[in-house]
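>>> Okay, here's the prediction I keep looking at, along with the sequence it came from:
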Amino acid sequence: MITPPSETPKQASIGRLFAVGIDVGCEKCSISVLRPDKTVVIKPLEFTNDAQGYAFVLTKLESLGVIPAQITIGLEATGRYWENLYHYLARLGYNLILLHPVQTHQFAQRRGLRAKTDALDAGTIARVVLSDEARPAYVPGDLVATYRELVRLHSNLADEIGRYRNEIHALLFVIFPEYTQVFADPCRPTALSLYPSRQAIAEVPIGILSAKLIELSNGHYGLKTAERLLTLSKKSASSGLASNARAQGLVILCDQLLHTQANLEILESEIAQLLQKDEAAKKLAEIPEFGPKTIAGLRAELGEVGRFTNCNQVVAYAGLDLTVKESGKWKGKVKLSKRGSGRLRRLLYMAALVSLRLKVSAFGDYYRELRKRGMNGRSALMAVMRKMLITAYSLLKNDSTFDPKKVWIGAKFVAKELPLVAQVA
């Protein structure tokens, strides 16, 4: 069985005869095996991160002479490289603990293990498994993993689109700065893709330019636009420096932008189909401030809520719990821990802003009530984010129906409990 995230490391190690540490890399991995008394059974050995390497690992594990249930294996969550090996061993019945690299690094630091090699890392991971400090990382199921792949790729493509648009704007400023006097958004499919410089536009016959504008804009632009564009191109302030190279670069950027936008639409269609079949997504849709992108993001980043025993764990997972540094008489500022998912915090932040713009919003009213009670804007917005997260968790955990009135529960205490100096980011 796979050790669930809610199970403590001590529970995971009871009755285990061997602790295995595996340091995972892209091509090569390292394995080390210890007994509970930290006696080395198998010194660190390298193996390849493929089917042949997995067979080698299985041979070593079977040579221990015990059933899989008596062996606990710790793997370090390095990128995506751990995934295939993890699920291969899980299907065979081994107890598995996925460890965050920060955890193993801190464990080694506390014990003065400063050397850094794959072999030593495997031994360190095995020692973490034997200790009471192992905190298993979350391993999502197929549905959540699907959400994560689609949503994170969507986010990356959206960022790429933003970069392409910025580069097009910057390049266009030196190629044909007057272009935006005609087209407010130069990144739309206009004559720019065919005539990417003011010299090229100036040389095009007015009839051809007009016809192309009509075709690309579905009749929105025509002869008047072509005449104005032609006039501006002949009086442009462009220096003309490296015009051919810059024009070619502009064509490539426009092509990349269009392809990325098309791929983004494909992803959005896939996400929409996923949301339609997901009952948990339908439950989250009861909250007016949550749109499709927010819901998909919550399903990806929050994952299966059954692994949380209470709302405080959810809040800490999102990094919305409060922390303060103290030393003697000195007391630092209270602020968010930000130890959890930054993506989840950003989603909640944007949803909280939406609540302030809606005419009817229980969360927006909650924000305004906190402001009346003396809380500053940032702290009140943070409180809305926490409330949204707890509400979403409650809907999914208890399979309940969204009740706007419940948003107000505890409002009179929040202004006193949350510090005015808390920052949201």
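Now that the structure is in, tell me what you want to look at.

>>> ranges for the strands of this structure?
Under the criterion DSSP state E, the chain contains strands at 18-23, 28-34, 40-48, 71-76, 95-99, 322-323, 326-327, 330-331, 335-336.

>>> May I have the longest one exported as PDB, CA atoms only?
Output in PDB follows, covering the C-alpha atoms of strand 40-48 (Å, rounded to 0.1, in the frame of the first residue of the first chain):
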ATOM      1  CA  VAL A  40      24.000  -0.700   6.200                       C
ATOM      2  CA  VAL A  41      22.600  -3.700   4.300                       C
ATOM      3  CA  ILE A  42      23.200  -2.500   0.800                       C
ATOM      4  CA  LYS A  43      25.800   0.200   0.200                       C
ATOM      5  CA  PRO A  44      24.800   2.900  -2.300                       C
ATOM      6  CA  LEU A  45      24.500   1.500  -5.800                       C
ATOM      7  CA  GLU A  46      23.700   3.200  -9.100                       C
ATOM      8  CA  PHE A  47      21.000   2.200 -11.500                       C
ATOM      9  CA  THR A  48      19.500   3.700 -14.600                       C
END
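
>>> In that strand, which of the residues would be classed as buried?
Neighbour-count burial for strand 40-48, with 16 or more other Cβ atoms under 10 Å as criterion, is recorded at 41-42, 44, 47. Yep, even glycine has a C-beta here, placed from its N, CA and C like the rest.

>>> I'd like those residues as JSON lines, with pLDDT and distance to residue 248 appended.
As requested, the buried residues of strand 40-48 are exported to JSON lines (pLDDT from 0 to 100; distance: Cβ to Cβ, whole Å):
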{"residue": "41", "pLDDT": "96", "distance to residue 248": "62"}
{"residue": "42", "pLDDT": "95", "distance to residue 248": "58"}
{"residue": "44", "pLDDT": "93", "distance to residue 248": "53"}
{"residue": "47", "pLDDT": "97", "distance to residue 248": "48"}
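
>>> Let me know the closest of those residues to residue 125.
Distance to residue 125 across the buried residues of strand 40-48 (Cβ to Cβ) is lowest for residue 44, with 10.4 Å.

>>> Do I have it right that that closest one meets residue 31?
Yes. Between residue 44 and residue 31 there is a contact under Cβ atoms under 8 Å: 6.9 Å.

>>> Common neighbours of the two, please.
With contacts defined as Cβ atoms under 8 Å, 6 or more residues apart in numbering, the residues shared by residue 44 and residue 31 are residue 122.

>>> Excluding chain neighbours, give the residue nearest to residue 200 in space.
Spatially, and ignoring its direct neighbours in sequence, residue 200 is nearest to residue 247 (6.6 Å; Cβ to Cβ, 6 or more residues apart in numbering).

>>> returning to what we had before: I'd like the buried residues of strand 40-48 as CSV, with distance to residue 223 appended.
Below are the buried residues of strand 40-48 laid out as CSV (distance: Cβ to Cβ, whole Å):
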residue, distance to residue 223
41, 84
42, 80
44, 76
47, 71
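
>>> per-domain residue ranges of the protein.
The chain is divided into the following domains under automatic domain parsing: 9-139, 146-271, 305-417.
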